[in-house]
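1. build me a model from this:
(one chain, ligands or ions: 1)
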Amino acid sequence: MEYKKLAELYEKLGATTKRLEKIDILAKFLKNLEEKDKEVLYLLLGDIYPEYDERKIGISSQLAIKAISKATGIKTEDVVKEWKTIGDLGKVVKKLVSQKKQSTLQAKKLTTEKVLENLRKLPELEGKGTVERKISLITELLTSASPVESLYLIRTLLRDLRIGIKSSTVRDALVKAFFPLDKESQKEAAEKIQNAYDISQDLSKIYELAKKGEKVSSIKLEAGKPIKVMLAQKAKSIKEAFEKVGKPCAIEYKYDGFRMVINKKDNKITLYTRRLENVTKQFPDIVNVVKSNVKGESFIIDSEIIGFNEKTKEYVPFQEISQRIKRKYNIDKMIKELPVEIKAFDLIFYNRKNLIKEPFEKRTKLLRKIIKSLKFKISVADQKITDSEEEAKEFYKKAIKDNQEGLIFKNLKAPYKPGSRVGYMIKLKEELKDFDLVIIGAEYGTGKRAGWLSSFILACLDKKIDKFKTIGKMGTGIKEKISTNIGGTSFKELTKILKPLIIKTKGREVEIKPKIVVSVTFQEIQKSPKYTSGFALRFPRLTALRPDKSPSDVTTLDEIKKEYEAQRKK
Ligand code: AMP
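-> The predicted model follows:
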């Protein structure tokens with residue numbers, strides 16, 4: 001297919017902020033899309049493979065600038081200059097390409113196949129000369145691109161399409177394009193597509209089935225591929241938690257660690273985070289423990305990974321082990337310094353059988369049968385099945401005493417619902433602890449902190465309009481230097497993580513792509529006109545980087561309003 005057509009679609013989608021209009025435009029496009037062009041759906045979401053695939057583009061602004069310079073013959077300094085005034089590299093390349101196009105004719109027509117072919121080579125490149133080869137792959141595309149095409153090519157490369165399309169928009173467009181028009185059947189179709197997507201994370205595959213008129217429910221769950229995990233709703237009291245899940249229910253410790261989905265297929269163990277990142281390499285210790293302590297030829301186990309202190313044998317808070325998620329070198333040392341234990345709590349697939357429709361009581365029973373507990377290595381979550389509020393209260397106290405966060409209440413009859421917060425699991429934890437917020441801006445420091453980003457603009461999510469809203473500036477909780485391996489985040493580390501995400505620079509201030517999530521504590525929430533959320537956190541303090549969470553997981557504005565009200569009542 002001509003890339004031009006896709007660029008036109010991007011333009012149309014970007015021109016409206018209304019979701020329903022976007023769905024209409026997309027539905028028409030999908031209806032006319034030919035099956036051979038099914039992979040265009042990846043490009044539509046700004047990707048090159050299905051969501052679960054780890055091969056992502058990941059090009060820095062610097063590299064994009066070099067490619068733009070090479071393709072247009074304009075010096076990098078001049079590209080940077082334009083970037084500083086326009087602020088969006090996509091718009092920059094559009095301007096520069098259109099200036100150039102007046103003198104030269106477009107060499108050949110760009111197709112979506114060619115775009116995918118070149119973009120897919122990018123993550124494969126390694127070793128010497130990688131940068132040059134990347135630049136020439138991009139330059140090749142840019143020289144055949146029209147101004148509008150070049151804009152979307154660059155935005156795709158920077159993984160920031162800015163057309164307001166999410167997988168749920170594509171899901172609803174698929175329903176509109178391929179399913180009957182009455183409301184009931186559409187609702188049912190949306191659910192089926194969502195289920196298929198939660199299992200496969202592959203909209204192109206779902207489109208293909210829908211286009212052929214085949215059942216989307218024929219997509220089967222398999223071990224070894226990442227799956228979106230089921231999420232928990234909140235309760236404020238034990239009573240409310242019971243009301244939500246019914247009596248009796250299972251209550252379990254809410255461990256203070258990070259989520260991990262453990263897969264076994266063909267004798268191979270694969271580990272994923274809740275963001276679908278493959279972290280098998282980072283955790284050879286877990287792989288070994290699972291290999292020798294879990295029975296079964298294939299499975300998908302949902303679990304929480306928690307850290308403990310080797311000497312005191314006490315469990316430690318999440319932030320002390322958070323570095324293990326990203327660390328890819330010196331792993332043996334890390335395993336010794338920051339040992340972890342698996343607390344398994346659900347079983348989604350076992351010996352080639354999909355268990356997501358089975359009731360929790362059955363899944364948890366089977367889970368207990370297949371795991372051989374080994375102290376400080378692996379066990380199944382501490383659990384009680386009860387209808388007594390008294391007993392729940394005691395259990396809650398015990399969980400807190402054991403350095404865990406609280407309790408999770410689970411509906412015994414409920415299925416496993418990947419990717420949704422349906423209320424089959426209810427969390428109960430200490431109030432007003434942390435907010436998870438995303439960093440969207442920062443400021444370079446001065447004096448001792450010169451060269452480092454040292455103050456960070458935090459944002460929450462306004463779910464109603466799907467936009468981030470600022471809520472404060474944070475400069476504490478971050479270390480000048482980290483002397484031991486245990487605990488803490490330094491300015492240097494944060495700067496290193498955030499620098500490639502800078503979108504715009506103005507003096508010492510920078511705007512940052514919303515990607516990095518942090519847990520933040522604070523003394524109080526205040527009303528404030530200074531920030532777009534209308535609130536400000538008093539004395540925000542970093543407690544941990546949350547590489548396991550994505551920006552869509554951050555605390556919402558509604559939750560903040562609620563906390564504000566609760567705080568006022570106190
Ligand atoms: P939150 O991250 O605050 O939304 O709380 C839900 C999280 O608690 C889940 O995503 C898990 O990572 C974690 N968790 C800890 N213990 C359990 C448990 N026993 N069952 C389910 N989730 C748990």
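2. and the ligand, is the helix or strand harbouring residue 443 touching that?
-> Here residue 443 is covered by strand 435-444, with elements defined by DSSP states H and E. No: judged by Cβ under 6 Å from any ligand atom, strand 435-444 makes no contact with the ligand; its nearest approach is 8.1 Å. All C-beta spots, glycine's among them, are computed from the backbone N, C-alpha and C.
3. next secondary structure after that strand?
-> Under the assignment DSSP H and E, the closest C-terminal helix or strand after strand 435-444 is strand 453-462.
4. and the strands in the stretch 201-350 of the chain?
-> Counting by DSSP state E, counting those that start in this stretch, one finds strands in the stretch 201-350 of the chain at the ranges 233-234, 249-254, 258-265, 268-272, 299-308, 315-316, 340-350.
5. can you say which of the ones you listed is nearest to residue 534?
-> When those are ranked by proximity to residue 534, the top entry is strand 233-234, at 21.9 Å, counting by Cβ to Cβ.
6. could you measure residue 521 against residue 27, distance?
-> In this structure, residue 521 and residue 27 are separated by 45 Å, where distance is defined by Cβ to Cβ, to the nearest Å.
7. helices or strands up against the longest helix seen in the chain?
-> When every helix of the chain is counted residue by residue (DSSP state H), the longest turns out to be helix 183-200. When contacts are defined as 3 or more Cβ pairs under 8 Å, 6 or more residues apart in numbering; DSSP states H and E, helix 183-200 sits against helix 167-178, helix 203-212.
8. could I get those helices as TSV with mean pLDDT and mean neighbour count?
-> Written out in TSV, the entries for these read as follows (pLDDT from 0 to 100; neighbours: other Cβ atoms under 10 Å):
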stretch	mean pLDDT	mean neighbour count
helix 167-178	94	21
helix 203-212	96	20
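9. of those helices, which is nearest residue 258?
-> Distance to residue 258, taken as Cβ to Cβ, is lowest for helix 167-178 among the helices and strands packed on helix 183-200, at 23.3 Å.
10. what residues does the closest one touch?
-> Applying Cβ atoms under 8 Å, 6 or more residues apart in numbering, the external contacts of helix 167-178 come out as 19, 22-24, 26-31, 41, 44-45, 51, 186, 189-190, 193-194, 197, 203, 206-207, 210-211.
11. residue contacts, residue 278?
-> Contacts here follow Cβ under 8 Å, 6+ apart; on that basis residue 278 touches 54, 226, 270-272.
12. now with 7 Å, please.
-> Contacts were defined as Cβ atoms under 7 Å, 6 or more residues apart in numbering; by that measure residue 278 touches 54, 270, 272.
13. identify the bridge partners of it.
-> Partner residues in beta bridges with residue 278: residue 272, with DSSP bridges as the criterion.
14. show the pLDDT at it.
-> pLDDT for residue 278: 92.
15. got the residues of the stretch 351-500 of the chain near the ligand?
-> Proximity of the stretch 351-500 of the chain to the ligand is assessed by Cβ under 6 Å from any ligand atom, with 381, 408, 425, 427 identified as the residues in range.
16. what about those, which are in strands?
-> Members of these lying in strands (criterion: DSSP state E): 408, 425, 427.
17. which residue packs closest to the last one, ignoring adjacent ones?
-> Nearest residue to residue 427 in three dimensions, chain neighbours excluded: residue 232, at 4.3 Å (Cβ to Cβ, 6 or more residues apart in numbering).
18. what's around residue 238, how many residues?
-> Residue 238 has 20 neighbours, counted by other Cβ atoms under 10 Å.
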